[in-house]
Structure formats: C-alpha cells, structure tokens
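[1] could you work out the structure for the sequence below:
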Amino acid sequence: MLIKQVTYDHQITEEGAINVRRITRILEDGIEISKNYHRHVITPIDSVTNQDDMTKDLSVIAFTTERKALWQARKDAKDAEAASHAQEPK
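    Okay, here's the model as predicted:
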C-alpha cells in the first residue's frame, strides 16, 4: 500500500521571517521509497492564509508590529529605488 506523508520544518530568522520546508514522503508498506523537499520563506508582510497550521501559529509569534513595519519599510525603499531606475533615460 502506498502512503503519502507530508510534514514541515520551520525556522524563524532574526528578522522575523519564517523559513518553511515541506517534506513529502512516499511510503510503500512502511518503507520510504521517495522523499522530496520544497522550501519557501514567509515574511511578516506576507499572507499566511494558505500556509500550514504550524506556520500560521508561528507567524502570530514572529510577525510583531515592529517586524511588520521594518519589512514594509524595506519593501517601500526597494519599490522606490526600482521606480527611480525605471524613469532614468536609457
């Protein structure tokens, strides 16, 4: 019998981002025959709506008001820089 097993590993960075690693295992008669990883990062200004329950729980702890403001300020600065480069004559 084949069984698909999905688990997650999480790591919170100093800046408050959550590194998520999804591990998908395929087991046949209790023996692992396949294992795949998918990694992604969730920042304090990202939505966690479609994330696993543990990521949602960790975001409540990691995504403080201060960290959200810091990430938003970084994003705004990058957006402003990109906009200024887009307006430069070529």
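
[2] any idea which element Leu58 lies in?
    Leu58 belongs to helix 53-62 when assigned by DSSP states H and E.

[3] likewise Asp76?
    In this assignment (DSSP H and E), Asp76 forms part of helix 65-86.

[4] picking that back up, which of the residues in the helix holding Leu58 are classified as buried?
    Residues 55, 58-59, 62 are the ones in helix 53-62 that count as buried (16 or more other CB atoms under 10 Å). C-beta: built from backbone N, CA, C; applies to glycine.

[5] tabulate those residues (TSV), appending distance to Asp79 and pLDDT.
    Shown next, in TSV, are these (distance: CB to CB, whole Å; pLDDT from 0 to 100):
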residue	distance to Asp79	pLDDT
Thr55	25	97
Leu58	27	97
Ser59	23	97
Ala62	23	95
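
[6] save these as TSV, and put in distance to Gln11 too.
    Formatted as TSV, the buried residues of helix 53-62 follow (distance: CB to CB, whole Å):
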residue	distance to Gln11
Thr55	11
Leu58	10
Ser59	13
Ala62	10
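
[7] out of the residues you listed, what pair is the most spread apart?
    Set against one another by CB to CB, those have their most distant pair in Thr55 and Ala62, with a gap of 9.7 Å.

[8] so for the two, which residues contact both of them?
    With CB atoms under 8 Å, 6 or more residues apart in numbering applied, the overlap between the contact sets of Thr55 and Ala62 consists of Ile18.

[9] flag the shaky bits of this protein, pLDDT-wise.
    Screening the chain residue by residue with the criterion pLDDT under 70, one finds the ranges 90.

[10] quick one: the closest residue in space to Ile18 that isn't next to it in sequence from Gln5, how far?
    Nearest non-adjacent residue to Ile18, counting by CB to CB, 6 or more residues apart in numbering: Ile42, 4.6 Å away. Taking CB to CB, to the nearest Å as the measure, Ile42 and Gln5 are separated by 22 Å.
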